Every structure is written in structure tokens, then in C-alpha cells.
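this is a predicted model, with the sequence first.
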Number of protein chains: 2
Amino acid sequence: MELWYTEKQTKDFGITAKVKTTHHTEKTDFQQLDMIETEEWGNMLVLDGMVMTTDKDEFVYHEMIAHVPLFTHPNPKHVLVVGGGDGGVIREVLKHKSVEKATLVEIDGKVIEYSKKYLPSIAGSLDDPRVEVKVDDGFMHIAKSEKDYDVIMVDSTEPVGPAVNLFSKGFYAGISKALKDEGIFVAQTDNPWFKADLIHQIYHDVKEIFPETNLYTANIPTYPSGLWTFTMGSKIHDPLKVKKERFEEIDTKYYTDEIHYASFALPKFVKDLTK
Amino acid sequence: MELWYTEKQTKDFGITAKVKTTHHTEKTDFQQLDMIETEEWGNMLVLDGMVMTTDKDEFVYHEMIAHVPLFTHPNPKHVLVVGGGDGGVIREVLKHKSVEKATLVEIDGKVIEYSKKYLPSIAGSLDDPRVEVKVDDGFMHIAKSEKDYDVIMVDSTEPVGPAVNLFSKGFYAGISKALKDEGIFVAQTDNPWFKADLIHQIYHDVKEIFPETNLYTANIPTYPSGLWTFTMGSKIHDPLKVKKERFEEIDTKYYTDEIHYASFALPKFVKDLTK
């Protein structure tokens, strides 16, 4: 018998992947969690029917959400990751020597548990001594924080289910308060082919709060359309004015200093969403 | 009844699109040709089971294969398109005022015929007076040409079936001979996630013949992995040294002068294929 997992990315279009094994399937307190092994992408974490990460292409998302803000900030010491229970963003954050402490606030402990079990090359860094893991509501954590962080990354699911609060203007205002004076915020903000309105809305919401707001992109093959956007809000620092000397040698498979700048060059139909 | 068209992009992974209508299906002298209407992408041309172009995302491929070489060349007058029977590349070529004549050499007249019928916004420019359409073998046409063209674009299918000769070192040598002294050549060269070896091979074959050889990328959601590469060989002109003033105002949805430069910034795992 051949088993294929199909994610409908829109009601009329999807991706389909041949499945070797279903490792785990569970309705957690927050969402449907499935961990499957696919022939093409290796192990794959699926939440509420949407691919979150896979062994083969996870590096793109995790490198790009982490290194772009971390190299834009001149000296990031305290970093917060909201969501991101698979641990991939934390792994990339720890590649920066300046980082003294990285806090992960993930609402669903089951994501952490099963990522450690089935995605060890992604989740392994969660046990690093510089990392603090909290199973808690990211929205509430932000509300309680004040000038605590240099960089905050929002590595959430789509704005349905547990992540819906993480796409609101109130949340972005809270993040601004939780950041220090030179602070930088970045969030994954979906794809411009199927979610143009969402990107337009987020960009303009963030821009009301952060003087330097910029959109950048990366190619992630298992995410809808293969073109993913990140919205970055910065209190002072301009990501395009980072001096070449600032880039330290770190081990990556996607991110480079050239990609840092180039990822902000937007296709015209995407750039139009920022108008 | 719901009909879904699934393209297996590898043996273990694919895309799937809901179908409204099958407009035409035919085994031509060269390949299997299917023209379907999908809910998500509009009309879609499928050759030998592979998506060639769709109403909704065709602009990315056609703009990027055309404008990058055409703005790199200081004064392109005579342009040749090998393949490209849907007419999309020709439509973009004609946006450049310097172009006096654009020749299309497509081996399969049926592709032209059904593109004109079902993809009129793509194929409409084939009737422009500056355009010469030849139903002929592109490989043979190149072999007969000498210093005839300023820019040659190879808009072929994958290196299976009728296009297999178009991915050979002999063909690139023929193209160099067919180009004038300042000539530029570009070909679509598949995706780095599933066809890394092919890209590595083509890049190094082209580099043996053209002093300036560069790879660039674009996001095309209906093509495998969503990240497409183009390999450009140039006798003299460096695409990264194009002066800002050179960019004329043309109507595009993807290409911009910023994208021109940024598209050459390669993700590290792609850049490694050029080593």
C-alpha cells in the first residue's frame, strides 16, 4: 500500500508527499499534532494539517528568521523566541557568540516533546545551558515583559488556532515594550501568492509601531508557494545598513551576507504590498 | 465529481491542483500536450506531465528569463528564443524598444497553436510584426547560425524528450558561435533541491565557453521546489555591473532593477554548486 500525505495549501491547491511511517499522531490541548516520516523530506512535523518543518528543508526557515535580525543588531545578548517548540530557531540563535541567554516560550509542550524525540538535529539545542524553555502563552509572556530583550522572534503557526493573537496590533505594541531601546522584532508572515492581504495588513500594523519596518523573503519548498515572507520591525537599526565587517563566520546552508541584503529586494507584486 | 491533477515532481513528492476543465489533450509528434483549466492557477499548459506555464504565475518565469539578459546587454537588437512556443518570453522581449527582431524557433507547432487558443494573454505577441516564428529544431537552427544574435534565450522543457540536446556542451558551443561578439545566452536550468547535479554540470559546461557565467534564481510556485535557476553565459558584459541608468521603465510584476542584482545572490547550498 502506498500512503501519501496531502496538504491543501488553498482549497484548490496542495502538495503531496509519500509517507514511510506515521511516528505519532495526537490531539494536544492546543492543536492536532502529527509526526510522519516522508521519503522526500525525512521526518515532518505537521500541526493542524500544515507542514511546520522537515528534516531536509528546515534550515532555510530557521537560518533566515534568526540570522537576519541577529546580524542587524550590533550586540544581541538576550533573545526571546515565541513559539518555535521544534527548537530550530534556538539552534541558530546559539551560533551567535554574543548571545548570553535565549528564552523559548512555546504554548504546547507536546511540540517540544515530540520534536526532541523525532527531530533531534533540530531540537537538540534546547538542552543547551544558555537556553531557558518555558511552556507558556507567548502573548501573556510578552504582556509581562519590559525592556527585557534585544531580539524577539515570533515563530508561530498560521493565524488560526493557538496563534491567532500573535498577529494583532496589540501584540506588536507589547513586543515593542518588551524590547530594549535598540530592540528588533521579526515574525514569519506567510506567503504573498495566497495571503497577500495578510502580509499587507501585518506590514502596516508593524510599521505603525517600529520606525524601521522591512519585509524579506526566503525560498522554503514545503511551505505554500515556496516563497516565504518575514516582517522585521526595528527601533533603530536598518538591516540594509549592516556593515560587511559585522558578519561573523557562522556555519549555514542558506544564509550568507549576500543573501542578507538580497532577501530584502522584493518582487514587484510583493513590494506593492508595502505601499 | 472532483478532478485533481497531480504532478509528481520527484517520485516521492508532487503538487496537486483542482481541475475545472480539460480543454485539450493530444499526443503530438514530440510530446504529450495537455491544456487544463485549474481553479487556483487558471489555464495550465502541461507537457509530458510537467507544468510548463499557468495564467497566474507565468509572469515570473517569462520576465526573469527575458529582462535579466536584455538589460545586461547594452543594445540588444536581434533576439532568438529557442523553445518557448507559448510566446511568454517573446511578449517580454518586445517590451524592449531596442529590439528590432525576435525569432522564435519552437520544435512543436502544436504548442504554439494551443497556446494561442487557450493562453492568449501569454501567446498574443507572437503575431507582432517584429516577430518571426519558425517551427523547427532549435538545435539545428543554432548549428546553422553565425554571429546572428545579440541575445539567445533557451526556454526548453526539462532534459528529457525533445529537449535533451539542449542541455549539451556542443549546444552551448553552437550558441556561442551563433551570438555576436557582445552576445549573451540564458537558459532555464531547473531547481537546486531536486536537480543539484544537473545545475552543477550545466554551470561548469557553460563556464568553459562563456567568460562571464552566472546563476540566478526566481520563485515560481508551480515549478518544483518553487525556486528556479537560470544560467547566463555572457561574452563580455557582467550582469552585476549594469549601471542603474540602463534600466528603462517597463511594465512588470516581478522584475525590478533591485531584483536584477538580488537574483544573483545565491543561497549557500546553491552557490556551492558553482564551485
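Perfect, thanks for sending it.

and the residue of the stretch 101-250 of chain A closest to chain B?
Residue of the stretch 101-250 of chain A nearest chain B, by Cβ to the nearest Cβ: residue A:226 (1.6 Å). For every residue, glycine as well, the C-beta is placed using N, CA and C.

now the phi/psi pair for the spatially closest residue to that residue that is not a sequence neighbour, please.
Here the nearest residue to residue A:226 in space, its sequence neighbours aside, is residue B:226; by Cβ to Cβ, 6 or more residues apart in numbering or on different chains that works out to 1.6 Å. Comment: the main-chain dihedrals of residue B:226 come out as phi 80, psi -10, following degrees, to the nearest 10.

what is the burial count for residue B:226?
As a burial measure, the neighbour count of residue B:226 was computed by other Cβ atoms under 10 Å in any protein chain shown and equals 26.

so it sits right up against residue A:227, yeah?
Yes - because the distance of 6.2 Å satisfies Cβ atoms under 8 Å, residue B:226 is recorded as touching residue A:227.

quick check: neighbours shared by those two?
Residues touching both residue B:226 and residue A:227 by Cβ atoms under 8 Å, 6 or more residues apart in numbering or on different chains: A:219-220, B:219.

can I get the residues you listed in JSON lines with neighbour count?
Below are the shared contacts of residue B:226 and residue A:227 laid out as JSON lines (neighbours: other Cβ atoms under 10 Å in any protein chain shown):
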{"residue": "A:219", "neighbour count": "26"}
{"residue": "A:220", "neighbour count": "26"}
{"residue": "B:219", "neighbour count": "26"}
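
looking at those, which one is closest to residue B:90?
For the shared contacts of residue B:226 and residue A:227, the minimum distance to residue B:90 (Cβ to Cβ) is 22.5 Å, reached by residue B:219.

tell me the pLDDT at the residue of the stretch 101-250 of chain A closest to chain B?
Listed pLDDT for residue A:226 reads 98.

show me the shaky parts of chain A.
Applying pLDDT under 70 to chain A flags no residue at all.

what ranges does it have for its strands?
Remark: strands assigned in chain A by DSSP state E are A:3-10, A:13-27, A:32-38, A:42-47, A:50-54, A:78-83, A:101-106, A:131-135, A:149-155, A:179-188, A:212-219, A:227-234.

can the third one be found next to chain B?
Yes - in this structure, strand A:32-38 sits against chain B according to Cβ under 8 Å from any Cβ of the partner chain; the contacting residues are residue A:38.

so what strands line up beside that strand?
Strand A:32-38 has the following strand partners under DSSP bridges: strand A:13-27 (antiparallel), strand A:42-47 (antiparallel).

who does the most centrally placed residue in chain A form a beta bridge with?
When Cα atoms, centre = their mean is applied to chain A, the residue found nearest the centroid is residue A:155 (3.3 Å). Each beta-bridge partner of residue A:155 is listed here: residue A:83, as defined by DSSP bridges.

quick check: it touching residue A:83?
Yes - at 4.4 Å, residue A:155 counts as touching residue A:83 under the criterion of Cβ under 8 Å.

contact residues of chain A facing chain B?
With Cβ under 8 Å from any Cβ as the criterion, chain A comes near chain B at residues A:6, A:10-18, A:38-41, A:57, A:60, A:193, A:217, A:219-221, A:225-227, A:252-256, A:258-259, A:261-263, A:265-269, A:271.

from these, list the buried ones, please.
When burial is judged by neighbour count using 16 or more other Cβ atoms under 10 Å in any protein chain shown, the buried members of the residues of chain A next to chain B are A:12-18, A:38, A:40-41, A:57, A:60, A:193, A:217, A:219-221, A:225-227, A:252, A:254-256, A:258-259, A:261-263, A:265-268.

got a list of what residue A:168 touches?
The neighbours of residue A:168, taking Cβ under 8 Å, 6+ apart as the test, are residue A:205.

so what's the backbone phi/psi at it?
The main-chain torsion angles of residue A:168 are listed as degrees, to the nearest 10 and equal phi -120, psi 150.

distance check, it against residue A:206.
11 Å (Cβ to Cβ, to the nearest Å).

can I assume residue A:102 is in contact with residue A:95?
No - look at residue A:102 against residue A:95 with Cβ under 8 Å: they stay out of range, at 10.8 Å.

looking at the two, which is more packed in?
For the pair residue A:102 and residue A:95, the greater number of neighbours falls to residue A:102 (29 against 18), based on other Cβ under 10 Å.

what bridges to the more buried one?
Where residue A:102 sits in a bridge, its partners, by DSSP bridges, are residue A:79, residue A:131.

for it, what are its contacts?
Residues counted as contacts of residue A:102 (Cβ under 8 Å, 6+ apart) are A:78-81, A:90, A:93-94, A:128, A:130-132.

neighbour count added to those residues, as TSV?
Written out in TSV, the entries for these read as follows (neighbours: other Cβ under 10 Å):
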residue	neighbour count
A:78	17
A:79	29
A:80	27
A:81	28
A:90	29
A:93	29
A:94	16
A:128	13
A:130	14
A:131	20
A:132	12
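
before I go, just wanted to say thanks for your time.
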